[in-house]
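Peer 1: Here is a sequence together with a model predicted from it:
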Number of protein chains: 2
Amino acid sequence: MMSKRVNIADVAHAAGVSAQTVSRALNNKGEIRPETRDRILAIVDHLGYRPNTLARGLVTQKTATLGLVVPDIANPFFSEVTRGAEEAAHRAGYSLLLCNAHEDPVREVEALYTLEAQRVDGIVLCSSRLSEETFCTLMARLPTVVLVNRESSEGDLKSVRVDDEAGALCATRHLLRSGRRSIAFLAGPPASQGGQRRAQGYQLALSEAGVPGDPALTVACAPQLESGYSTAQQILTNHPEVDALLCYNDLVAVGALQACAALGRRVPEDVAVVGFDDILLAGLVTPPLTTLRSDKRGLGAEAVRLLLRKLAGCTDDCENVVLQPELIVRASAPAGPEQEETLHGPLEAIHHRRPRGDN
Amino acid sequence: MMSKRVNIADVAHAAGVSAQTVSRALNNKGEIRPETRDRILAIVDHLGYRPNTLARGLVTQKTATLGLVVPDIANPFFSEVTRGAEEAAHRAGYSLLLCNAHEDPVREVEALYTLEAQRVDGIVLCSSRLSEETFCTLMARLPTVVLVNRESSEGDLKSVRVDDEAGALCATRHLLRSGRRSIAFLAGPPASQGGQRRAQGYQLALSEAGVPGDPALTVACAPQLESGYSTAQQILTNHPEVDALLCYNDLVAVGALQACAALGRRVPEDVAVVGFDDILLAGLVTPPLTTLRSDKRGLGAEAVRLLLRKLAGCTDDCENVVLQPELIVRASAPAGPEQEETLHGPLEAIHHRRPRGDN
DNA sequence: TTGAAAGCGTTACCAT
DNA sequence: ATGGTAACGCTTTCAA
């Protein structure tokens, strides 16, 4: 039925040359007479020949394919990271094999095995939830890996991440400056390194200010809206004195907003809410979220760039990359009265009046 | 440095059998003595051997990999579709090669060529912006394709889509019933078949109601928030009588909400706004969006299922799938006074009080 | 400048 | 039940 796929031999035959010469014409490699090359390329075009990347990969030991592992592609944070990674990969002539780890370490390991079997040239691993131990065992056999939002003690493992600690520090300071005294932290998945670092920034800000940190006010939660809702509800119920919620990400923060509404707590009058990431949603809910903006696409793009540099054998200047998040002050946690006119007042107005959607 | 990758010959040697037997053990295929198999599998495990899928694909002409092409992976609609597709693919033992067409027909063709070269077993092509002509030319040479949100006259090309016409019809009727008389349509990309079908539903509802359709009230726009903003602003300025905006998708609708705010038009009092898709955002903006909910993950999952059925040679029951969207009435376009207590009144309250985020 | 042969790692096919 | 050989489609290496 379907005629057999045209291969390099067919092209060679049609051009009256050897397969070798066709290969040279295609890869612009080795000496070849220009007119021969042009003739061959014309035939390639006419026959609609596409080199089989499997065969090519088998011999070159390179697939021009990268693996990308994310905890949840439907999470806006990771779809932005993915977009950035895809663009950078595409620009460099690489394809992207996407794996959704589903917030599950088992699935994550599975994904890494699959990528190994597929012989991807390198892997971008986002927000890994694996233990450091599992990690080191795996890395030994995997192709080159670059981590996103996670670091590892493992030798030459490079990473790209946002400065979680600085972000949480900045946000917590902001809350303290605006007069909040009992700040709870919705910490995200315990296995998340980002969550752990944010916890440190949060603690640091508290001790700076001489505020006694109550361990009961740091509560783990899944990185989704629903979990933010239930966790915030629980915190606000058990600790009525809480007047601010620092959230693992914007989805959790939106859930927290809804919990406040459900409990009749006004935001920001009774409770201030701060998110993390500044996804599109953040500026559009009511009240708009104060949050830490991170360059999500940049994270993905930078990870791919680092990966490609490592693949190119560039060992020297491949440093870890730490991107600084930017505090975006909106109505869910405004500046206190004393800072109103100075630091963030004007910004706030700008940030939620303008149409946005592509940050 | 890095020891050579272990291959099937190494395993065979270690087990004292032929490569053939190792292959049989691995694929559970052909006759093999159970104890031999177990012994081999133990060695496989011990050596950490992973079959090279390239080599396997080269000989079997199957890669266990599907291609997914989307216009924009950062668009929440498509990241949900992707999530559904990835899950279905993973469950069936397939990997997913992701291509972002970037809302650009040229990139789309490029992506299809890449997938062809990668010898994916099949392709899920979402919301293609290609002309029917380009399309037919390409399809002839591509591996099996299933379309999402697009249909084609091309022979055996199957598709999965939402019923755009029915959705737009339903939404427009809803607006008319609630007393709106001058309804504009922000139509999305002209090349979008979904947009075209929605235009038909919109027109049909207008003629049903005997409302004269003004062609100037159907305006193309990019499927993003910013474009919704500028397009709505333009419409509302040029046609002050407009009292409702039917939008291509929820992002456009949110932009339209912002335009209304900027122009001092109250929603829904002065202008009603309706979106499409019911992405997470839709229920969380102010006012919450009335919209047509589509099963985004289901779309992706169903497309993969259809694709796999076709690959399995199942030609008979592979029908096109058309999913019905569901009108979700929220405050941006409430029911009119006369329908308040009957149809949608109670629903509305439910839809924006509950925490949501995983629809 | 071009071609022939070998080999990448696996499975299919036919022997044994 | 197991093994040998060829083949998948390409690039690398060497020879002409």
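Peer 2: Nice, thanks for sending it over.
Peer 1: Helices of the stretch 201-350 of chain A, start to end?
Peer 2: Chain-ordered helices for the stretch 201-350 of chain A, with DSSP state H, counting those that start in this stretch as the definition, fall at A:225-238, A:250-262, A:296-311, A:345-353.
Peer 1: Any part of the second one near chain B?
Peer 2: Yes. Residues of helix A:250-262 are located near chain B by Cβ under 8 Å from any Cβ of the partner chain, namely A:251, A:254, A:255, A:258, A:259, A:262. For the C-beta atoms, the positions are set from N, CA and C on the backbone; glycine is no exception.
Peer 1: Residue A:159 and residue A:153 touch, don't they?
Peer 2: No. With contact defined as Cβ atoms under 8 Å, residue A:159 and residue A:153 do not form a contacting pair (11.3 Å).
Peer 1: More neighbours: which of those two?
Peer 2: Using other Cβ atoms under 10 Å in any protein chain shown, the more surrounded residue of residue A:159 and residue A:153 is residue A:159, with 20 against 8.
Peer 1: Helix or strand next in line after the helix or strand in which that one is found, which one?
Peer 2: The secondary structure element spanning residue A:159 is strand A:158-162 (assigned by DSSP states H and E). On the C-terminal side of strand A:158-162, the nearest following helix or strand under DSSP H and E is helix A:164-177.
Peer 1: Would you mind finding the most buried of the helices of the stretch 201-350 of chain A?
Peer 2: By mean neighbour count, with neighbours taken as mean count of other Cβ atoms under 10 Å in any protein chain shown, helix A:250-262 ranks first of these at a mean of 26.
Peer 1: what angle sits between the strand holding residue A:159 and helix A:296-311?
Peer 2: Using axes from the mean of the first three to the mean of the last three Cα atoms, to 10 degrees, the inter-axis angle of strand A:158-162 relative to helix A:296-311 is 170 degrees.
Peer 1: Who are the packing partners of strand A:158-162?
Peer 2: When contacts are defined as 3 or more Cβ pairs under 8 Å, 6 or more residues apart in numbering or on different chains; DSSP states H and E, strand A:158-162 packs onto strand A:144-148, helix A:296-311, strand A:321-323.
Peer 1: Would you mind saying which of the ones you listed lies nearest DNA strand D?
Peer 2: The stretch from these with the least distance to DNA strand D (Cβ to the nearest atom of the strand) is helix A:296-311; that distance is 14.9 Å.
Peer 1: In PDB, please show the C-alpha coordinates belonging to the closest one.
Peer 2: Once side chains and other backbone atoms are set aside, the C-alpha atoms of helix A:296-311 remain, and they are given as PDB (Å, rounded to 0.1, in the frame of the first residue of the first chain):
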ATOM      1  CA  LYS A 296      10.300  31.100  34.200                       C
ATOM      2  CA  ARG A 297      11.100  31.000  30.500                       C
ATOM      3  CA  GLY A 298      14.600  32.200  31.300                       C
ATOM      4  CA  LEU A 299      15.000  29.300  33.700                       C
ATOM      5  CA  GLY A 300      14.100  26.800  31.000                       C
ATOM      6  CA  ALA A 301      16.200  28.500  28.400                       C
ATOM      7  CA  GLU A 302      19.200  28.900  30.600                       C
ATOM      8  CA  ALA A 303      19.000  25.200  31.600                       C
ATOM      9  CA  VAL A 304      19.100  24.200  28.000                       C
ATOM     10  CA  ARG A 305      21.900  26.600  27.200                       C
ATOM     11  CA  LEU A 306      24.000  25.200  30.100                       C
ATOM     12  CA  LEU A 307      23.200  21.700  29.000                       C
ATOM     13  CA  LEU A 308      24.300  22.300  25.400                       C
ATOM     14  CA  ARG A 309      27.500  24.000  26.600                       C
ATOM     15  CA  LYS A 310      28.300  20.900  28.700                       C
ATOM     16  CA  LEU A 311      27.600  18.700  25.800                       C
END
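Peer 1: how about it, does it get close to DNA strand D?
Peer 2: No. With Cβ under 7 Å from any atom of the strand as the measure, helix A:296-311 is seen stopping short of DNA strand D, the closest distance being 14.9 Å.
Peer 1: sorry, back to before: name the residues that touch the strand holding residue A:159?
Peer 2: Contacting residues not belonging to strand A:158-162 are listed as A:146-152, A:194, A:292, A:294-295, A:299, A:302-303, A:306, A:310, A:318-325 [Cβ atoms under 8 Å, 6 or more residues apart in numbering or on different chains].
Peer 1: Partner strands of it, with direction?
Peer 2: Strands that pair with strand A:158-162, judged by DSSP bridges, come out as strand A:144-148 (parallel), strand A:321-323 (parallel).
Peer 1: Quick check: residue A:155 vs residue B:250, distance?
Peer 2: Distance, residue A:155 to residue B:250, using Cβ to Cβ, to the nearest Å: 46 Å.
Peer 1: Need the pLDDT of residue A:171.
Peer 2: Among the per-residue scores, residue A:171 shows a pLDDT of 98.
Peer 1: Test my guess that residue A:235 contacts residue A:184.
Peer 2: Yes. Using Cβ under 8 Å, residue A:235 is in contact with residue A:184, at 4.9 Å.
Peer 1: Overlap in contacts, these two.
Peer 2: Taking Cβ under 8 Å, 6+ apart as the contact rule, residue A:235 and residue A:184 both touch A:217, A:219, A:242, A:245.
Peer 1: now the last one, which residues is it bridged with?
Peer 2: The reference is to residue A:245. Applying DSSP bridges to residue A:245 yields these beta-bridge partners: residue A:184, residue A:273.
Peer 1: Identify the residues contacting it.
Peer 2: Residues near residue A:245 by Cβ under 8 Å, 6+ apart: A:183, A:184, A:185, A:186, A:232, A:235, A:253, A:256, A:271, A:272, A:273, A:274.
Peer 1: do the second one as well
Peer 2: Counting by Cβ under 8 Å, 6+ apart, residue A:219 makes contact with A:184, A:185, A:186, A:187, A:231, A:234, A:235.
Peer 1: about what we covered before: select, out of the helices of the stretch 201-350 of chain A, the one closest to residue B:41.
Peer 2: Of all those, helix A:296-311 sits nearest to residue B:41, with 32.6 Å by Cβ to Cβ.
Peer 1: Need the contacts of residue A:245 in TSV (columns: distance to residue A:124 and pLDDT).
Peer 2: As requested, the contacts of residue A:245 are arranged in TSV below (distance: Cβ to Cβ, whole Å; pLDDT from 0 to 100):
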residue	distance to residue A:124	pLDDT
A:183	34	98
A:184	33	98
A:185	28	98
A:186	27	98
A:232	32	98
A:235	34	98
A:253	26	98
A:256	30	98
A:271	37	98
A:272	35	98
A:273	31	98
A:274	28	98
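Peer 1: Residue ranges in chain A under the pLDDT threshold?
Peer 2: Of all residues in chain A, those with pLDDT under 70 make up the ranges A:1-3, A:316-318, A:338-359.
Peer 1: again, 90 this time
Peer 2: Counting by pLDDT under 90, chain A contains low-confidence residues at A:1-5, A:28-32, A:135, A:139-141, A:152-157, A:213, A:313-320, A:336-359.
Peer 1: Break it down into its domains, please.
Peer 2: A:8-51, A:65-162+A:297-323, A:164-295+A:325-351 (automatic domain parsing).
Peer 1: Establish whether the shortest one and DNA strand D are in contact.
Peer 2: Read it as domain A:8-51. Yes. Contact between domain A:8-51 and DNA strand D, assessed by Cβ under 7 Å from any atom of the strand, occurs at A:8, A:9, A:19, A:20, A:23, A:26, A:27, A:29, A:30, A:49, A:51.
Peer 1: Now, of the residues you listed, which are buried?
Peer 2: Buried residues within the residues of domain A:8-51 next to DNA strand D, counting neighbours by 16 or more other Cβ atoms under 10 Å in any protein chain shown: A:8, A:23, A:26, A:49, A:51.
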